[in-house]
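1. Here's my sequence, what's the structure:
(chains A and B, ligands or ions: 2)
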There are 2 protein chains.
Amino acid sequence: MLRRVALACALAVTATGASANPELLRMQRDPNQWVMPNGNYASWRYSELNQITRENVGNLKPTWQFSTGVLRGHEGGPLVVGEVMYIHTPFPNRVFALDLNNPGRVLWRYEPTQDPTVIGVMCCDTVNRGPAYADGKIILSQADTTVVALDAKTGKEVWKVKNGDPAKGETATMAPMVFGDKVLIGISGGEYGIRGHVTAYNLADGKQAWRAYSVGTDEDIKFDPQKTMSMGQPVGANSSIKTWEGDQWKMGGGSTWGWFSYDPDLNLIYYGSGNPGTWNPVQRPGDNKWSMTIFARDATTGVAKWVYQMTPHDEWDYDGVNEMVLVDNLQVGNQRVAKALVHMDRNGFGYTLNRENGQLMVAQKFDPAVNWATHVDMETGRPQVVSQYSTRAQGEDNNTKNICPAALGTKDQQPSAWSPKASLLFVPTNHVCMDYEPFRVSYSAGQPFIGATLSMYPPQGSDNLGNFIAWNPGSGKIAWSKPERFSVWSGALATAGDVVFYGTLEGYLKAVDTKDGKELFSYRTPSGIIGNVNTFTHKGKQYVAVMSGVGGWAGIGMAAGLQGESEGLGAVGAYKSLSDYTQLGGVLTVFALPN
Amino acid sequence: MLRRVALACALAVTATGASANPELLRMQRDPNQWVMPNGNYASWRYSELNQITRENVGNLKPTWQFSTGVLRGHEGGPLVVGEVMYIHTPFPNRVFALDLNNPGRVLWRYEPTQDPTVIGVMCCDTVNRGPAYADGKIILSQADTTVVALDAKTGKEVWKVKNGDPAKGETATMAPMVFGDKVLIGISGGEYGIRGHVTAYNLADGKQAWRAYSVGTDEDIKFDPQKTMSMGQPVGANSSIKTWEGDQWKMGGGSTWGWFSYDPDLNLIYYGSGNPGTWNPVQRPGDNKWSMTIFARDATTGVAKWVYQMTPHDEWDYDGVNEMVLVDNLQVGNQRVAKALVHMDRNGFGYTLNRENGQLMVAQKFDPAVNWATHVDMETGRPQVVSQYSTRAQGEDNNTKNICPAALGTKDQQPSAWSPKASLLFVPTNHVCMDYEPFRVSYSAGQPFIGATLSMYPPQGSDNLGNFIAWNPGSGKIAWSKPERFSVWSGALATAGDVVFYGTLEGYLKAVDTKDGKELFSYRTPSGIIGNVNTFTHKGKQYVAVMSGVGGWAGIGMAAGLQGESEGLGAVGAYKSLSDYTQLGGVLTVFALPN
Ligand SMILES: O=C(O)c1cc(C(=O)O)c2c(n1)C(=O)C(=O)c1cc(C(=O)O)[nH]c1-2
Ligand SMILES: O=C(O)c1cc(C(=O)O)c2c(n1)C(=O)C(=O)c1cc(C(=O)O)[nH]c1-2
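-> Ligands and ions are numbered 1, 2, ... in the order given. As a prediction, this is how the structure comes out:
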């Protein structure tokens, strides 16, 4: 009887959802496992493991591999929970549970039935950034927006819910995240005039708890006009819809296809919203709030605590969805910020904010090539746009040239790694510029709502399309930068062994020294890497794991079989030589030091 | 002037074709390269390289990899010519030239345009066993029977010829081979009532030099009734058509989808023919010659010197196409055979013949489970069939049970390796039995002409579906046998380092000790291995290379997405648990010892 009461109490506590999921809180701190896509709630992609060091990483070797049987771009990375590794694939979104005691042995596999027409409304390859783990469940967000909870032991479906409608251009690529007793999930479709939102479902049964849109009425976006803050001011009433003409906000974009972070003490979740629809800025005057915005929302209610819009009235497709890295006790100038948020935005600026209140502390270019804005005004938070590179100023049907960065930004979805030991953020970046010609387009549900023709190429005088950099988020300075032939489209991993790992589009897994970026290790995996590097231990030994399988926006030419230079939203031309280095194919590789 | 005359003479010599291609003769002896599918003209799959030894092979590690972007079964193996590696894929039959000085860098790639309907008439997955190299050309035999010569430096087409007609069920999977100034190629389609043949084309321009059928008139099969010998006797007139009823030979099968060997001194080529059509023996009384036969043909004229039929009147689909291993100075009993031929047949008997005249010297079971025949009569060369396992005797629409081996034989196409150092043949084998129910079928061009329902399973009392064995071809005895969970569907490689390599269907590349089969090394590649292991040096260092990518007949369930137990000609049921271990995906892995 006593036991039953205790159980009931436990359930009651969980049900409030106010506090974090205690098991997950504990697990995300355990370096032996890798239980959420970016390693921990703070999106650090950092591991305390230090068996692999700058001294011995050169000896790292593949120990076993597993092909997924799926060809297109493999984003995300393996989860490790106890003695089981979970990997996933792009559409058709297979999930495999692999036995670490018998490497490569499939404990179970799951393949949802999905209408393949969804492929036609996915903007940037059929990628998926991975499932979430919590409370004995694997939560998968399928391309067709179905969210399904699987029993982590058996792979059997526990519940299933539909988060959007592919017929309207709504799809899913992002990784869900569990906060407390809820699982949060975003939506893709910024190129189809959808209206972005994040939605919390009950972890237990998949019932919707709350939904908050990126654009729309205060009620829809869960803003409190008096309490939701932006740049130190309350946002006031109708902060979103008053920045749009007429009903344009209804197809306003601001999709939410990136990453979630969470501060359990503040009970705040952080994420960014994507581009406003269409890509033709002339058609949508105004700031187009709250596209291109960092949101801090109460995890329990969804109500926004603060927001910050990086790129008001976007003219370049600089989606603001990149990961929010939660750094504690950061030295910014002569100030110590107890709770900072670092965000390397697609627009080429690296931002540091106070994550309690949204105060802007640093905004500096993280690639000197960035030219669309001179700087960010620290009073207003607004970038100072250079008219020569303003596609609005240059006008419709006019090809604005040499804008840096290109639409895929100085950094896209590929997550960075924060080393608290080195006090540096390691950032996979793009070094790409573009020509951008806006044209008039009209909205039709489920049809592309783009309205711009692009072409991409390296900055003048460069022949590398990427750099892997170390960033000092306190000073807003690049500590070191290592050029790469192609954009670094893979998520980084920093470790207490003073090394940082990342993959290249040619297919190399590399390890470099945190202190100077010196290359210490390189291995050519089967295909280009757009997956994220993770680490864990098994029976006391440290392993490093990564998915190869080229694709994503940078690899869209190969993934979708496109040839024209300006196809793939302009990306095909820049990366066409990629097929001289690699071909498609999803493979997990697990590395270790020889015994 | 003198130079021109010399050149003309050189051309004249080449044009006779009587002697072997001198460059290729030299290259196939060079252990630093791997210039033909089975390593040398004698089909040894043996290398003199000895940097990797039984002592150090345990340290072998993957050094680089390359995904092909193609999912189905990857048979064959890489060729290495100078500093270039050539790899190929199943349908659509891509070829990649990879730069060994810059591993993974694609020098050129070729992908033929083929009508995908050919996939529907390929019996046993869309495999391809690799191109041939000669005289600066890569000769590829496409699924649709187009034979194309590519410039090995540029990948540009030099000539192209059509060897068959997929509309009649004629397809191609086998590797061409160059003999003298000709390239020889066979044909697949035994399950579609085709009539098998081998055809020689001029290496220079693709013009047909000669064609020899497996069944038909003496002219068609290029037999000299007086001079072509079988079991020490001239075959006599109409040796083929008199063993068929009426016109049945016209859809008589005997396809030629296996391997070629060549003895340059004798100027003889060796290969085997496949099953007679249909699989229902009741429908085609007679010996059905020359299906299931070893042929020795003059390389210049195509005329048969001798033949030996292993399985007259086949009742089990025991195609006779497995490789012919040419062994010199073999001790057989107390006789020394200067020129022997060793052939591990699908029917479960290992044969040793004198390859000069076709004299049968040894015929012994290489799996004790073999039960369809008690033995081979050494006078007549005929197997003594056990009536209980005779699908003819048991009759149409009767399910004959527990026949061993199954239709895919004690060994299928996966080539063995001969170590002259160990005097042993290392043989990847199947350990599978079957139920076989023949039914009446009528011929229609391009339609399956099978007429039997099969199911397959391990022999009673066994739970392994394969063994990797060492065979003494002089004594006809198994030296050692190493059980494997699944059939060993990969080609072996023996080396002067006293190790023998092979791959498993789960995806392990293994190395075992030639003397006792002890496992010395094992690495889990991305997918099941049905490719053949090759070795070469680059800048003085020994490498071992293999394609993974599960499929072939054993992996047809996964490759073609079949579920029913008796689908895939009966193979799906036996191998259904394979998907608990591996998934599709073609990847090259190159191994080496750490520096
Ligand atoms: O606006 C959107 O809804 C949306 C969705 C996605 C996506 O879901 O992958 C991408 C983008 N936009 C995008 O702008 C972009 O650069 C991008 C890159 C990638 C990728 O995975 O490589 N996805 C996306
Ligand atoms: O009769 C034929 O023409 C023919 C062709 C092939 C082929 O081309 O692969 C196979 C077979 N038969 C066959 O009997 C067989 O066991 C087989 C296995 C495989 C394979 O690659 O795994 N192919 C074939």
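
2. got the residue ranges for the strands in the stretch 151-300 of chain A?
-> Counting by DSSP state E, counting those that start in this stretch, the stretch 151-300 of chain A has strands at residues A:157-162, A:177-179, A:182-185, A:197-202, A:208-213, A:229-230, A:233-234, A:261-263, A:268-272, A:293-298.

3. Serialize the ones you listed to TSV and add fields for distance to B:D580, mean pLDDT and mean neighbour count.
-> Bear in mind the C-beta positions are built from the backbone N, C-alpha and C, glycine included. Below are the strands of the stretch 151-300 of chain A laid out as TSV (distance: least, C-beta to C-beta, whole Å; pLDDT from 0 to 100; neighbours: other C-beta atoms under 10 Å in any protein chain shown):
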stretch	distance to B:D580	mean pLDDT	mean neighbour count
strand A:157-162	20	98	16
strand A:177-179	29	96	26
strand A:182-185	29	98	26
strand A:197-202	31	98	23
strand A:208-213	36	98	19
strand A:229-230	53	98	20
strand A:233-234	58	98	12
strand A:261-263	36	98	24
strand A:268-272	38	98	27
strand A:293-298	42	98	25
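
4. what would those strands look like in JSON lines with distance to B:L493?
-> What follows is these, written out as JSON lines (distance: least, C-beta to C-beta, whole Å):
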{"stretch": "strand A:157-162", "distance to B:L493": "45"}
{"stretch": "strand A:177-179", "distance to B:L493": "48"}
{"stretch": "strand A:182-185", "distance to B:L493": "50"}
{"stretch": "strand A:197-202", "distance to B:L493": "54"}
{"stretch": "strand A:208-213", "distance to B:L493": "59"}
{"stretch": "strand A:229-230", "distance to B:L493": "67"}
{"stretch": "strand A:233-234", "distance to B:L493": "73"}
{"stretch": "strand A:261-263", "distance to B:L493": "51"}
{"stretch": "strand A:268-272", "distance to B:L493": "53"}
{"stretch": "strand A:293-298", "distance to B:L493": "57"}
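
5. Relative to B:V161, which of these is closest?
-> Evaluated over the strands of the stretch 151-300 of chain A, closeness to B:V161 peaks at strand A:157-162, with 53.9 Å, by C-beta to C-beta.

6. Residue ranges in chain A under the pLDDT threshold?
-> Within chain A, the stretches falling below the threshold (pLDDT under 70) are A:1-20.

7. pretty sure A:N347 contacts A:P405?
-> Yes - contact status for A:N347 versus A:P405: in contact at 7.5 Å, counting by C-beta atoms under 8 Å.

8. shared neighbours of these two, anything?
-> Counting by C-beta atoms under 8 Å, 6 or more residues apart in numbering or on different chains, the residues touching both A:N347 and A:P405 are A:Y318, A:V370, A:W372.

9. Which member of those residues is positioned nearest A:I119?
-> Each of the shared contacts of A:N347 and A:P405 was scored against A:I119 by C-beta to C-beta, and A:Y318 proved nearest at 25.6 Å.

10. out of everything not next to it in sequence, what's closest to that closest one?
-> Closest residue in space to A:Y318, ignoring its immediate chain neighbours: A:N347 at 4.0 Å, by C-beta to C-beta, 6 or more residues apart in numbering or on different chains.

11. Distance of A:G555 relative to ligand 2?
-> Distance, A:G555 to ligand 2, by C-beta to the nearest ligand atom, to the nearest Å: 31 Å.

12. A:N357 too?
-> On the measure of C-beta to the nearest ligand atom, A:N357 and ligand 2 end up 66 Å apart.

13. need the contact list for that residue.
-> When the contact criterion is C-beta under 8 Å, 6+ apart, the partners of A:N357 are A:M229, A:G232, A:K305, A:W306.

14. out of the residues you listed, what pair is the most spread apart?
-> Put simply, by C-beta to C-beta the two of the contacts of A:N357 set farthest apart are A:G232 and A:K305, 12.9 Å from each other.

15. so what's in contact with those two at the same time?
-> With C-beta under 8 Å, 6+ apart applied, the overlap between the contact sets of A:G232 and A:K305 consists of A:N357, A:G358.

16. Can you get me a residue count around the residue in the stretch 101-250 of chain A positioned nearest to ligand 2?
-> Nearest residue of the stretch 101-250 of chain A to ligand 2: A:G104, at 22.0 Å (C-beta to the nearest ligand atom). By the measure other C-beta atoms under 10 Å in any protein chain shown, the count of residues near A:G104 is 26.

17. A:G120 too?
-> Quick note: A:G120 (other C-beta under 10 Å) scores 11 neighbours.

18. what residues does chain A put near chain B?
-> Chain A comes close to chain B at residues A:59, A:61-69, A:71, A:96, A:103-106, A:109, A:506-507, A:523-527, A:548-549, A:558, A:579-589, A:594, as judged by C-beta under 8 Å from any C-beta of the partner chain.

19. Which residue, other than its chain neighbours, is closest to A:I469?
-> Nearest-residue entry for A:I469: A:S481, 4.4 Å, with adjacent residues in sequence omitted and distances by C-beta to C-beta, 6+ apart.

20. Same check on A:G557?
-> Nearest residue to A:G557 in three dimensions, chain neighbours excluded: A:V572, at 4.1 Å (C-beta to C-beta, 6+ apart).
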